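below is the structure, and that's it, no one-letter string:
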């Protein structure tokens with residue numbers, strides 16, 4: 001048990017010290033950090049570009065698009081009426 005504890009503590013010490021002494025990049029020394037850098041000269045990114053999905057839905061593939069679908073079997077929507085708004089009387093509110 002002592003051996004397992006000492007190996008675990010040693011491993012934690014190695015990993016903790018490695019990340020503590022890792023050099024952090026200083027981006028202020030890069031070319032893009034200069035005031036004279038022209039971002040318009042950058043090449044466009046290529047590779048893993050996301051494709052935009054279509055904003056149009058193809059309803060011809062839905063169940064309701066088939067000629068056998070019976071719309072009369074649909075449940076009717078529950079109509080909800082908005083509750084009237086009430087004004088709060090802030091003169092009766094205790095400020096904390």
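In hand now; what should we look at? Given the structure is predicted, the values throughout are model-derived calculations rather than measurements. Numbering: from 1, shown residues only.

just the helices in the protein please.
2-20 (DSSP state H).

what about it, any weak spots by pLDDT?
Along the chain, segments meeting pLDDT under 70 span 16-22, 49, 54, 96.

make it 80
1, 11-25, 45-61, 63-65, 82-90, 92-96 (pLDDT under 80).

okay, strands next: where are they in it?
Secondary structure of the chain (DSSP state E): no strands located.

pick out the residue nearest the middle of it.
Note on the chain: the residue nearest the mean C-alpha position is residue 50, at 15.1 Å, using C-alpha atoms, centre = their mean.

what's near enough to touch that one?
Residues near residue 50 by C-beta atoms under 8 Å, 6 or more residues apart in numbering: none. All C-beta atoms are positioned from the backbone trio N, CA, C, and that covers glycine.

would you mind measuring from it to residue 28?
31 Å (C-beta to C-beta, to the nearest Å).

one more: residue 94?
Counting by C-beta to C-beta, the separation of residue 94 from residue 28 is 51 Å.

just residue 69 next, same as before
64 Å.

compare neighbour counts for these two and give me the winner.
residue 69 (11 against 8; other C-beta atoms under 10 Å).

what about the closest residue to that one other than its chain neighbours, neighbour count?
Nearest non-adjacent residue to residue 69, counting by C-beta to C-beta, 6 or more residues apart in numbering: residue 63, 6.1 Å away. Residue 63 has 7 neighbours, counted by other C-beta under 10 Å.

wait, residue 63 sits on residue 71?
No. Counting by C-beta atoms under 8 Å, residue 63 stays clear of residue 71, with 11.2 Å between them.

what's the neighbour count on residue 30?
Neighbours of residue 30 (other C-beta under 10 Å): 10.

so who does it touch?
By C-beta under 8 Å, 6+ apart, residue 30 has no neighbours at all.

for it, give its distance to residue 51.
For residue 30 relative to residue 51 (C-beta to C-beta), the value is 31 Å.

equivalent analysis for residue 37, please.
On the measure of C-beta to C-beta, residue 37 and residue 51 end up 30 Å apart.

higher neighbour count, these two?
With neighbours defined as other C-beta under 10 Å, residue 37 and residue 51 compare such that residue 37 has more, 11 against 5.
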